[in-house]
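Could you look at this predicted model? Sequence included:
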Amino acid sequence: MRMKYKKILIVTMSAVCFVISNAGKAQTPISIFVHGLTVIPVDNSSQNRYSAGLGAEAGIQYGKKSTFVTGTVGYTNFFAKTLTVAGVTNLGSLTYIPIRAGVRQNLAALFYIHGDAGIGFLSYKDTSFTDSRFSFDAGAGIHFSDFEVELAGDAFKEIKPDGWSSWFGIKAGWRIQF
C-alpha cells in the first residue's frame, strides 16, 4: 500500500475513533450504516467501457435532530464490456474505493437527502495501473425503521478522456442508531 493511502486511512480511522469516543459526552445521536449497491453507467465514456457495477459501502453518522455529518468508505467493482472500443483500449474491470465525508438531512418522517465528496481510489483488473481521483455522490432515500433504500448519483474525475465517469445506483441496507 502506498504511503499516501496509508496516511489517508490513518486520518479517516482517527476521525471515526474521535467521533465515537465523544458521542456519549455530547449526547448526540450516532449511527452506523451498511448498504449494498448496484449501479449503471450514465455518461457515454462509462457506458462504452462498463456494463454495470456491484458493491457495498459502510459509514458513520453523527449529528443532532435531523442533520448529520457522515463518513463513508465503499467498494464497487465495475464490469468491463470489451477490451477495445473506438480505438481506445479498456483497462479491464474497474475497482473503485471511495472515502468521503458529507452531510445527510432528514426531511420528513421517512425521507432524507445526502451528499458527500472525497477521494476515490481506482485500480484495473488487466493492469497494475492505480490512481486516486476526486469523487462525489448525492442521493435521496426513504427509511423504514432501520432499513433504508436510496437512489443516488456517483461520479469521479476520469483519467482519459478528460471528464467525469458518472453512475446512477440503488443502495439498500441498514442504519443502526446508538
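Arrived safely. Computed from a prediction, not measured in an experiment: that's the story for all the values here. Residues are numbered from 1 along each chain as shown.

Across the sheet, point out what pairs with residue 30.
residue 62 (DSSP bridges).

Pretty sure it sits against residue 59.
No. The criterion here is Cβ atoms under 8 Å, and residue 30 misses it with residue 59 at 11.2 Å. (Glycine included, C-beta is placed from N, CA and C.)

more crowded one of the two?
With neighbours defined as other Cβ atoms under 10 Å, residue 30 and residue 59 compare such that residue 59 has more, 22 against 18.

show me what contacts the more buried one?
Counting by Cβ atoms under 8 Å, 6 or more residues apart in numbering, residue 59 touches 32-33, 70-73.

Now name the helix or strand holding residue 48.
Counting by DSSP states H and E, the element that carries residue 48 is helix 44-49.

can you give me the mean pLDDT across that helix?
Averaging pLDDT along helix 44-49 yields 82.

Going by neighbour count, list what's buried in that helix.
45-46, 49 (16 or more other Cβ atoms under 10 Å).

Of those, which is the nearest to residue 120?
Relative to residue 120, the closest of the buried residues of helix 44-49 is residue 46; by Cβ to Cβ it sits at 13.4 Å.

Can you give me every residue that contacts the nearest residue to that closest one once chain neighbours are set aside?
Leaving aside its chain neighbours, residue 46 sits nearest to residue 165 (4.8 Å; criterion: Cβ to Cβ, 6 or more residues apart in numbering). For residue 165, the contacting residues are 41, 43, 45-46, 155-158, by Cβ under 8 Å, 6+ apart.

cool, residue 155 as well?
Residue 155 touches 135-137, 164-167, counting by Cβ under 8 Å, 6+ apart.

any idea which of those is the one closest to residue 174?
Of those, the one sitting nearest to residue 174 (Cβ to Cβ) turns out to be residue 137, at 18.9 Å.

I figured the closest one hits residue 96, correct?
No. Using Cβ under 8 Å, residue 137 is not in contact with residue 96, being 11.2 Å away.

neighbour-wise, which of these two wins?
Neighbour count, other Cβ under 10 Å: between residue 137 and residue 96, residue 137 has more, with 26 against 22.

Can you check the pLDDT for that one?
Taking residue 137 on its own, its pLDDT is 94.

element containing it, please.
strand 130-144.

Starting from that strand, tell me which strands it pairs with and how they run.
Partners of strand 130-144 in its sheet, by DSSP bridges: strand 111-124 (antiparallel), strand 147-157 (antiparallel).

looking at those strands, which is closest to residue 104?
For residue 104, the closest of these is strand 111-124, at 4.1 Å, according to Cβ to Cβ.

can you pull the contacts of the residue lying closest to residue 157 once chain neighbours are set aside?
Closest residue to residue 157 apart from its sequence neighbours, by Cβ to Cβ, 6+ apart: residue 133 at 4.5 Å. With contact set as Cβ under 8 Å, 6+ apart, residue 133 has these partners: 119-120, 122, 156-159.
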